[in-house]
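Asker: Make a model of this:
(2 chains)
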Number of protein chains: 2
Amino acid sequence: MIEDKNQQRTDLSQLGEFGLIDHLAKHFEVTQQSTIKAIGDDAAVMEFGDNRVVVSTDFLVEGVHFDLSYMPLKHLGYKAVVVNLSDVYAMNAEATQITVSIAVSNRFPLEAIEELYAGIETACKIYNVDLVGGDTTSSTSGLIISVTAIGQVKKGDEVYRSGAKPNDLLVVSGDIGGAYLGLQVLEREKEVFKVNPNSQPDLDAYTYIIERQLKPEARKDIVKLLQELEVKPTSMIDISDGLSSEILHLCKASKVGCDLYEDKLPLDPQVISTSEEFNMDSTTIALSGGEDYELLMTISQEDFPKIKANPNLTVIGFITDQASGAHLVTRGDQKIALTAQGWNSFDKD
Amino acid sequence: MIEDKNQQRTDLSQLGEFGLIDHLAKHFEVTQQSTIKAIGDDAAVMEFGDNRVVVSTDFLVEGVHFDLSYMPLKHLGYKAVVVNLSDVYAMNAEATQITVSIAVSNRFPLEAIEELYAGIETACKIYNVDLVGGDTTSSTSGLIISVTAIGQVKKGDEVYRSGAKPNDLLVVSGDIGGAYLGLQVLEREKEVFKVNPNSQPDLDAYTYIIERQLKPEARKDIVKLLQELEVKPTSMIDISDGLSSEILHLCKASKVGCDLYEDKLPLDPQVISTSEEFNMDSTTIALSGGEDYELLMTISQEDFPKIKANPNLTVIGFITDQASGAHLVTRGDQKIALTAQGWNSFDKD
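Answerer: Next up is the predicted model:
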């Protein structure tokens, strides 16, 4: 049936991942009273009794999302959990349980799978979540991991992508761009290793950014911090694909625009020095890098005094009306339209 | 790291799927108060407020779980949902939401994925569940589907595998063995088609069993029926791997034995006639076939009057103590030990 040459054939790459989800989701209606939020945020939200339960799920595919030649299986297990927990925290919820399913080819011995689960176990302990289920099956090629994270949040405390209002402040946790540059360093070392397997890489100058790539952390602490500061963000999303792409998701869902300030982007010194070494622009990396798993949020201006002294949170811009569009304000005070790939340097206004 | 020849190497096939899950799960502790039941049943059970939420997840891998040469994508989408809902119903719960993740290679055009989702949508409508999330990604080979089903059940109404008691009746819904025989017919037709692509198969004699394979249904109606009959099973499991294997799961979890009566096995006439045609023993097929997605349960003897007139439920045996073991009582009144593969004909007592 798929082989029928007369059928209409639209290549999946024409749509892209988000286009595909939107396209497929539009047929589906919500009928259950308990469904509060279906497709379109970091996690789904359901109401059972007085509790709101959030569920998020992700696939990690060998050769697409990870390369086992430099990603140890233990780190992979850890990361697979963390990227899902990050989606739960992005709803301002507490992560409580996960399920993990794996499809695995017979080139992996039991000891390899044990390594993977050792990483999963470490993540469960550190983030205090229970592994409650899953499925294991064989695959015809490679390793595929599917993780579903479950969390809970008090009714009314959940934060969606859609709540940002003009004049809200755009805030990001931690620093960004490190995970992407860590990957660049690892890929360079892989190439060096192919040429000379006896080379001993000196990675001391890159420890932070390599750890950002291999062992990212989800910002459970930020959800707790916001509670302590008594700040409820008006909108929130986690940074998995890159700051620019996430800002655009948030603006689209909230029907707003924004001004993002280049000179406010929080960059680690290793990100700046390694960008220079790779001859890359650190702003491009911060905007497009991805995999930082920091939280991007908007907060009401009146909450600014509560967060301004906090080293974990940086104000990087503010929300405007939708007609104004989403822009980067450069160090040279130019306004450039943001695009999912960072920004469009041909679209100056 | 995986390639290191000095490492200990245990082949995954030595453990099998259940052995692997048990092996991996034993390291994990439950720490969340909201976790009522983690790994080891058809679904996990969590408590949020006064509600119990159940979550079940399954992988379907092309070349392992399905063959697209005779499984239309729409049917595949439908089946992927149904097999997960079946796990929720096996907890005596109501299924309310699903998430669906797919990894797909670029040999699939958008139209193929739309077919798959059309099947998913049909299942959502028929079973009244909402699609609330998921992930789409590319795969290096083939199609992989991961479905997570979420359901709810009033506290105290949930039914585990572990509640069976000696003298309870062993009851099965519907009839069994059809899905496996349907697969045999489809595989035979595929071989015929390879030799003669112009052959026009006449499948009229096999409509029921082919539908059992291609479009299985989950027994939502049985959960409702049990409520109406005011019967709460003492234990329950869905039949995905074969009656014999599921009985052993149930006996192990409940620490009991059982006597299963060969002459009580509910078989459709098409199962009997097609078994004969394939020169296969219909009892073997009923015990080992799998994929019927019927519910296997135990009920207290005092509930027997409530179910005895019901055409959807068949008493097939009774529970004994653990020391007695799990046995098939044949038509010739022989007692044969049940094994996961059906029964062990060398182990008569």
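Asker: switch to C-alpha atoms for all contacts and neighbour counts from now on
Answerer: Will do.
Asker: helix/strand/coil for the closest residue to A:Ala93 other than its chain neighbours?
Answerer: Spatial nearest neighbour of A:Ala93, excluding adjacent residues (Cα to Cα, 6 or more residues apart in numbering or on different chains): A:Val153 at 4.7 Å. Using DSSP: H, G, I helix; E, B strand; the rest coil, the structure places A:Val153 in strand.
Asker: Dihedrals phi and psi, A:Phe318?
Answerer: Main-chain dihedrals, A:Phe318, degrees, to the nearest 10: phi -150, psi 160.
Asker: so who does the closest residue to it other than its chain neighbours touch?
Answerer: Nearest residue to A:Phe318, sequence neighbours excluded (Cα to Cα, 6+ apart): A:Leu169, at 4.3 Å. With contacts defined as Cα atoms under 8 Å, 6 or more residues apart in numbering or on different chains, the neighbours of A:Leu169 are A:298-301, A:304, A:315-319.
Asker: In the sheet, which residues pair with the residue nearest to A:Ala93? Tell me.
Answerer: Listed by DSSP bridges, the beta-bridge partners for A:Val153 are A:Arg52.
Asker: Show me which helix or strand of chain A is least confident by mean pLDDT.
Answerer: For chain A, using mean pLDDT, DSSP states H and E, the weakest element among its helices and strands is strand A:342-348, scoring a mean of 43.
Asker: And A:Ser244, which helix or strand is it part of?
Answerer: Assigned by DSSP states H and E, A:Ser244 falls within helix A:243-254.
Asker: Quick check: buried residues in that helix?
Answerer: Using 16 or more other Cα atoms under 10 Å in any protein chain shown as the test for burial, helix A:243-254 gives A:243-254.
Asker: Let me have these in CSV, extended by distance to B:Asn279.
Answerer: Output for these, formatted as CSV (distance: Cα to Cα, whole Å):
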residue, distance to B:Asn279
A:Leu243, 63
A:Ser244, 64
A:Ser245, 61
A:Glu246, 61
A:Ile247, 64
A:Leu248, 63
A:His249, 60
A:Leu250, 62
A:Cys251, 65
A:Lys252, 62
A:Ala253, 61
A:Ser254, 64
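Asker: Mind putting those into TSV with distance to chain B?
Answerer: As requested, the buried residues of helix A:243-254 are exported to TSV (distance: Cα to the nearest Cα, whole Å):
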residue	distance to chain B
A:Leu243	20
A:Ser244	20
A:Ser245	17
A:Glu246	16
A:Ile247	20
A:Leu248	19
A:His249	16
A:Leu250	18
A:Cys251	20
A:Lys252	18
A:Ala253	16
A:Ser254	19
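Asker: Skipping its backbone neighbours, what lies nearest A:Ala218 in space?
Answerer: Distance criterion Cα to Cα, 6+ apart; nearest residue to A:Ala218, sequence neighbours excluded, is A:Ser86 at 4.8 Å.
Asker: Check the secondary structure at the residue in the stretch 51-200 of chain A positioned nearest to chain B for me.
Answerer: When scored by Cα to the nearest Cα, the stretch 51-200 of chain A has A:Val132 as its residue closest to chain B, at 3.9 Å. When classified by three-state DSSP, A:Val132 comes out as strand.
Asker: okay, it: pLDDT?
Answerer: Looking at A:Val132, its pLDDT is 87.
Asker: Buried among the contacts of A:Leu169? Make that a PyMOL selection.
Answerer: Applying 16+ other Cα under 10 Å to the contacts of A:Leu169 leaves a buried subset, and the PyMOL line that selects it is:
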select buried, chain A and resi 298+299+300+315+316+317+318+319
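Asker: Can you tell me which of the contacts of A:Leu169 is closest to B:Gly178?
Answerer: Closest approach to B:Gly178 among the contacts of A:Leu169 (Cα to Cα): A:Thr298, at 56.2 Å.
Asker: Just the helices from the stretch 51-200 of chain A, written as ranges.
Answerer: Taking DSSP state H, counting those that start in this stretch as the criterion, the stretch 51-200 of chain A contains helices spanning A:73-89, A:110-127, A:178-195.
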